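A.B. asks: test case, fold it:
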Amino acid sequence: MASGDRDSANYLNLVGVNLEHVGYGKMVVGLKTALAKSVTLCDDAEHVVFALRPNLIKGWHRGQKPTLLTMWETNWLPPEFSDYLCNFETVIVPSLHNWELFSQHHDNVRVIQKPLNHTTSSVSCAAAPNGIEKD
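C.D. replies: Reported below is the predicted structural model:
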């Protein structure tokens with residue numbers, strides 16, 4: 001692993017699409033920009049975070065600790081999500097609704113709530129309901 005005998009918390013592999021015009025892509029680009037200030041992003045880091053639908057993930061390096069950062073907008077989780085969650089040590093979601101939903105299928109679900117964008121006074125989200133501005 002990239003950390004060797006150094007602190008593994010300083011290294012991260014963040015995997016996802018780099019297309020800012022799609023929800024997951026906007027999240028990945030924003031995270032990479034913010035995290036690059038405090039960690040080294042590299043493919044062989046001990047910790048790997050996948051910001052994707054779980055059924056799209058094809059594997060990771062031996063020895064890596066996989067985490068899934070994902071979301072779902074209804075009250076039912078389809079098998080292409082639920083059947084794959086057991087492959088991840090941790091599942092991170094952006095809301096309490098998602099925590100309730102994913103916790104039905106995984107024992108270690110954490111919440112990182114989406115922040116408000118204080119510069120535009122709008123809600124930062126992948127798909128905003130009608131009447132709410134989107135960044």
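A.B. asks: and Asp7, what's its pLDDT?
C.D. replies: On the pLDDT scale, Asp7 is placed at 65.
A.B. asks: low-confidence ranges, this structure, go.
C.D. replies: 1-7, 114-135 (pLDDT under 70).
A.B. asks: and with 50 instead?
C.D. replies: 116, 118, 120-135 (pLDDT under 50).
A.B. asks: ranges for the strands of it?
C.D. replies: Along the chain, the segments classed as strands by DSSP state E run 11-16, 40-41, 47-51, 65-69, 90-93, 109-111, 116-117, 122-123.
A.B. asks: could you save these as JSON lines and add columns showing distance to Lys26?
C.D. replies: Using the backbone N, CA and C atoms, a C-beta is placed for each residue, glycine as well. Shown next, in JSON lines, are the strands of the chain (distance: least, CB to CB, whole Å):
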{"stretch": "strand 11-16", "distance to Lys26": "10"}
{"stretch": "strand 40-41", "distance to Lys26": "17"}
{"stretch": "strand 47-51", "distance to Lys26": "10"}
{"stretch": "strand 65-69", "distance to Lys26": "13"}
{"stretch": "strand 90-93", "distance to Lys26": "16"}
{"stretch": "strand 109-111", "distance to Lys26": "19"}
{"stretch": "strand 116-117", "distance to Lys26": "12"}
{"stretch": "strand 122-123", "distance to Lys26": "13"}
